[in-house]
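Colleague: Need coordinates for the below:
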Amino acid sequence: MLLVEHHTEAREALAAVLSASFDLVGVLDSVDSIERHVAEYKVEVVALDIDVQAKTGVAGVQRILEWFPDVKVIALSSIADAVYVREIFKAGAAGYVLKLRAAGDLPQAVNETTGGRRYVSPSVGLG
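Modeller: Alright, predicted model coming up:
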């Protein structure tokens, strides 16, 4: 598993949570070296902060899946807007986790998405 989160405190907290239950092979602060890490470590899941940089969001999800179509991308975002969440799923994301709930929701999202199911933080109303 690979974690990409630009906020230092969030990155450190999520890394601690994830490493307790999963094989966390990388913790990055930007998307710049995702391709190398996924290829080198045969990453199955990328938890991707989609709130920063032009390379993230819909384009970031699509980019990762173009390189590695079997990788499960779980989007990490502060945006709970249903229209935006649907766009992220349309881009191919397997999960969507709100940052405010990430410490509790992200481990469940990893389990759900690696089991072939889609995951959305419960507080996101997709209706």
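Colleague: Give me the distance between stretch 26-42 and the centre of its chain.
Modeller: Taking C-alpha atoms, centre = their mean, to the nearest Å, one finds the center of stretch 26-42 at 12 Å from the center of the full chain.
Colleague: mind exporting the strand or helix carrying E87 as CSV, just the C-alpha atoms?
Modeller: If you go by DSSP states H and E, E87 is part of helix 82-90. As requested, C-alpha coordinates have been extracted for helix 82-90 and formatted as CSV (Å, rounded to 0.1, in the frame of the first residue of the first chain):
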residue,chain,number,x,y,z
ALA,A,82,-22.0,14.2,-4.1
VAL,A,83,-21.4,15.5,-7.6
TYR,A,84,-17.6,15.6,-7.1
VAL,A,85,-17.6,12.2,-5.4
ARG,A,86,-19.4,10.7,-8.4
GLU,A,87,-16.8,12.2,-10.8
ILE,A,88,-14.0,10.6,-8.8
PHE,A,89,-15.8,7.2,-9.0
LYS,A,90,-16.4,7.8,-12.7
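Colleague: List the neighbouring strands of the helix or strand following that helix plus their orientation.
Modeller: Read in the C-terminal direction, the helix or strand following helix 82-90 is strand 95-98, with elements assigned using DSSP H and E. Paired neighbours of strand 95-98 in the sheet (DSSP bridges): strand 72-77 (parallel), strand 119-120 (parallel).
Colleague: mind listing the strands in this protein by residue range?
Modeller: In the chain, the strands defined using DSSP state E lie at 2-4, 26-28, 45-49, 72-77, 95-98, 119-120.
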